[in-house]
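Enquirer: Need a 3D model of the sequence below.
(one chain, ligands or ions: 1)
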Amino acid sequence: MTTLALKVTPNADGFGAEIRSVDLSRPLPPGVLHDVKAAFAAHGVVWFPDQPLTHDQLEAFTLQLGAFGWDPYVKPMEDRPHILEVRRDADETASVFGGTWHSDWSFQETPPAITILHAKIVPPVGGDTLYADGVRAWEALSPTFQAMIAPLRSVHSAAGPYGSKGFYAQEKGRTGMTILPSVEAEKAYTHPLVRTHPVTGRKALFVNPVYTVGIEGMTEAEGKALLAFLFKHMTDERFVYRHRWAANMLTMWDNRCCLHNATGGYDGHTRVMHRTTVAGDAPRP
Ligand code: SIN
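Expert: Numbering: from 1, shown residues only. Have a look, this model is predicted:
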């Protein structure tokens, strides 16, 4: 199945890779799709420069990777229920959407496997996205610490950002996007703290500071202390890749094994991205 068509250029540490010599606007031949999936499994984050895509083409590319995920609490584009416009206007005073380390919708019973972001308007300064490799973060822990945390389950909830009294319900000054806070967001799910990737079989830490609110069976103070250690460890610069965007670049990341964090630094400029997700399965230890 493998083709020699793709040009894959990984980062030096293997986390993140650029892919060229492929046209995402058309259905990918089976061998090329196979190789894109293989590069994605190997590198966790992949980006494709110079891919002008219509909404239909973005949706069609997404569906080659799997069914659409469920994207709650953000109003989608008109007539495009599966595309979110991640937009911040030049004169906007609201926070940067996605501007804290997280894994998308990790509070869902089956969080999305993949997020795809297509750059439409990229500011001349700032607006990078940071990615953190949860696999190497796991592998860097001592065997003793790994054995201690491997059986744990963590509690995930969207109440903090999207609850009826959460961050977005209180925030003012957002013009580029419509956030839809809800009591639904106050539900919680538990997931294994260490997750085995269904494709690669590799283990990764699966907690994040936006949605992970505690550890099952621990007191609040114990859970917070352990999570604070893990959040700091996972986002250590050894495991982080800073991604610089260009218009028409499509980037996709694996929510099962990495965190991401949208940076600001572009006040006075507009930034517009179109985002889809691919459904995932229930995390397993
Ligand atoms: C997100 O968290 O999906 C937004 C990422 C970005 O805008 O760079």
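Enquirer: Which residues of this protein lie near the ligand?
Expert: In this structure, the chain approaches the ligand at residues 86, 97-98, 115, 117, 129, 260, 262, 273, 275, judged by CB under 6 Å from any ligand atom. Backbone N, C-alpha and C define where each C-beta goes, glycine included.
Enquirer: can you tell me the helix or strand for residue 147?
Expert: Under the assignment given by DSSP states H and E, the secondary-structure element containing residue 147 is helix 143-149.
Enquirer: For the ligand, give me its nearest residue in the stretch 101-250 of the chain.
Expert: Of the stretch 101-250 of the chain, the residue with the smallest distance to the ligand, taken as CB to the nearest ligand atom, is residue 129 at 3.7 Å.
Enquirer: Equivalent analysis for the chain, please.
Expert: residue 98 (2.4 Å).
Enquirer: Quick check: that residue is in a strand.
Expert: No - secondary structure of residue 98, determined by DSSP: H, G, I helix; E, B strand; the rest coil: coil, with no strand assignment.
Enquirer: Neighbours of the closest residue to it other than its chain neighbours, how many?
Expert: Beyond its immediate neighbours in the sequence, the residue positioned closest to residue 98 (CB to CB, 6 or more residues apart in numbering) is residue 262, lying 4.0 Å away. Using other CB atoms under 10 Å, residue 262 has 20 other residues around it.
Enquirer: State the distance from residue 262 to residue 86.
Expert: In this view, residue 262 and residue 86 are 8 Å apart by CB to CB, to the nearest Å.
Enquirer: shared neighbours of those two, anything?
Expert: For the pair residue 262 and residue 86, residues contacting each of them under the criterion CB atoms under 8 Å, 6 or more residues apart in numbering are 97-98.
Enquirer: give the contact list for residue 213.
Expert: By CB under 8 Å, 6+ apart, residue 213 lies in contact with 155-157, 159-160, 188, 223.
Enquirer: and the residues of the chain next to the ligand, which are buried?
Expert: For those, burial is judged from neighbour counts taken by 16 or more other CB atoms under 10 Å, and it is met by 86, 97-98, 115, 117, 129, 260, 262, 273, 275.
Enquirer: follow-up on the earlier one: return the backbone torsion pair for the closest residue to the residue of the stretch 101-250 of the chain closest to the ligand other than its chain neighbours.
Expert: Beyond its immediate neighbours in the sequence, the residue positioned closest to residue 129 (CB to CB, 6+ apart) is residue 243, lying 4.7 Å away. Reported as degrees, to the nearest 10, the phi and psi values for residue 243 are phi -100, psi 120.
Enquirer: is it true that the residue nearest to residue 98 touches residue 95?
Expert: No - under the criterion of CB atoms under 8 Å, residue 262 makes no contact with residue 95, lying 9.8 Å away.
Enquirer: picking that back up, now the residue of the stretch 101-250 of the chain closest to the ligand, which residues is it bridged with?
Expert: The residues listed as beta-bridge partners of residue 129 by DSSP bridges are residue 243, residue 262.
Enquirer: Correct me if wrong: it contacts residue 259.
Expert: No - using CB under 8 Å, residue 129 is not in contact with residue 259; the gap is 10.8 Å.
Enquirer: rewinding a little: list just the nearest of the buried ones among the residues of the chain next to the ligand to residue 23.
Expert: Each of these was checked against residue 23 using CB to CB; the closest is residue 117, at 18.6 Å.
Enquirer: Which strand or helix spans that closest one?
Expert: Taking DSSP H and E as the criterion, the element that holds residue 117 is strand 114-121.
Enquirer: What pairs with that strand, parallel or antiparallel?
Expert: Sheet pairing for strand 114-121, assigned by DSSP bridges, gives strand 250-254 (antiparallel), strand 271-278 (antiparallel).
Enquirer: Adding distance to residue 145, write the ones you listed out as TSV.
Expert: Formatted as TSV, the strands paired with strand 114-121 follow (distance: least, CB to CB, whole Å):
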stretch	distance to residue 145
strand 250-254	24
strand 271-278	32
